[in-house]
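Colleague: test case, fold it:
(chains A and B)
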Number of protein chains: 2
Amino acid sequence: MLDVYTDEYFMKVALQEARMAYEEGEVPVGAIIVSNNQILAKGHNSTELLTDVTAHAEMITITAAAQHLGAKYLQGCTLYVTLEPCVMCAGAIRWAQLGRVVYGASDEKQGFMRYGKELLHPKTKLEYGVLHDECQALMQDFFREKRMART
Amino acid sequence: MLDVYTDEYFMKVALQEARMAYEEGEVPVGAIIVSNNQILAKGHNSTELLTDVTAHAEMITITAAAQHLGAKYLQGCTLYVTLEPCVMCAGAIRWAQLGRVVYGASDEKQGFMRYGKELLHPKTKLEYGVLHDECQALMQDFFREKRMART
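Modeller: Down below sits the predicted model:
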């Protein structure tokens, strides 16, 4: 049987969220949280809209998934996010004890991986590079457009 | 002239917040954000009440101060928090570009200092150990009480 619920499938949903952020003038990062192939929560970066540096896609999605489940811990869940999480979001992922994290593009400047995978909970599985090119292109387009608007 | 607005003065207000958390059965951490000796926001750990691992005292206070100011960045502000911030909160403090952070007790297990001060924004000044003993005693009392309730 063909499995339609691949990592690529779910990353495409996260990318749709990222595109919504783009259209709202936000740095285009999108995230979803999935359990047993069911999407529990979707979110995208809303720091400008909410005037709140903590309103990253991952934070919004972790809070929403916990509300949906009525439980603080998300061990059985996978977080898909289009960009490598920052240190703040890696800390939140650790507290939530997410079962698995899958990210698309890397973030060399702000990404948590410069401090290593140990920022996450020891039981959290990590994967990256899923739809890397699409995730990265969206970021590059956004910042290119910003730069052009400034000149 | 005697300056009443000392670090100890503001840490006492943060300790009042921590005691509120204690009474609500939350890990007793309290925080406030101050600008020009004016308290802009107060908060205490509410992870149990809100079923949300991201609802740390610092996160709540950063969000509230930004709402109060109508601005994402808090360069002119000082965050007082009774316990050493975790990695998640250190990340949020970095994004908010807080001018100064003052914490009371250390947190060897979950505190951000195991990764070093560079987790914060390079312009953020850092102080710690203010009312250390009171801040630490509150945490110790809380966990002692929890252990006794279990036996």
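Colleague: contacting residues around A:Ile60?
Modeller: Residues near A:Ile60 by C-beta atoms under 8 Å, 6 or more residues apart in numbering or on different chains: A:Ala31, A:Ala41, A:Gly43, A:His44, A:Ser46. C-beta: built from backbone N, CA, C; applies to glycine.
Colleague: for the second one, which three-state class applies?
Modeller: Yep, that's A:Ala41 we're talking about. Secondary structure, DSSP: H, G, I helix; E, B strand; the rest coil: A:Ala41 is strand.
Colleague: pLDDT weak spots in chain A?
Modeller: A:1-2 (pLDDT under 70).
Colleague: if we go to 90?
Modeller: A:1-4, A:148-151 (pLDDT under 90).
Colleague: now, of the contacts of A:Ile60, which are buried?
Modeller: The neighbour count (16 or more other C-beta atoms under 10 Å in any protein chain shown) marks A:Ala31, A:Ala41, A:Gly43, A:His44, A:Ser46 as buried among the contacts of A:Ile60.
Colleague: now the most centrally placed residue in chain A: how far from chain B?
Modeller: Among the residues of chain A, the one closest to the centroid is A:Val81, at 2.4 Å (C-alpha atoms, centre = their mean). Going from A:Val81 to chain B by C-beta to the nearest C-beta, to the nearest Å gives 15 Å.
Colleague: bridged to that residue, which residues?
Modeller: When bridges are called by DSSP bridges, A:Val81 pairs up with A:Ala31, A:Tyr103.
Colleague: quick one: contacts for A:Gly43?
Modeller: A:Gly43 touches A:Glu17, A:Gly30, A:Ala31, A:Ile32, A:Ala57, A:Glu58, A:Met59, A:Ile60, A:Thr61, A:Ala64, counting by C-beta under 8 Å, 6+ apart.
Colleague: ok, now with 10 Å
Modeller: A:14, A:17, A:20-21, A:29-33, A:55-65, A:81 (C-beta atoms under 10 Å, 6 or more residues apart in numbering or on different chains).
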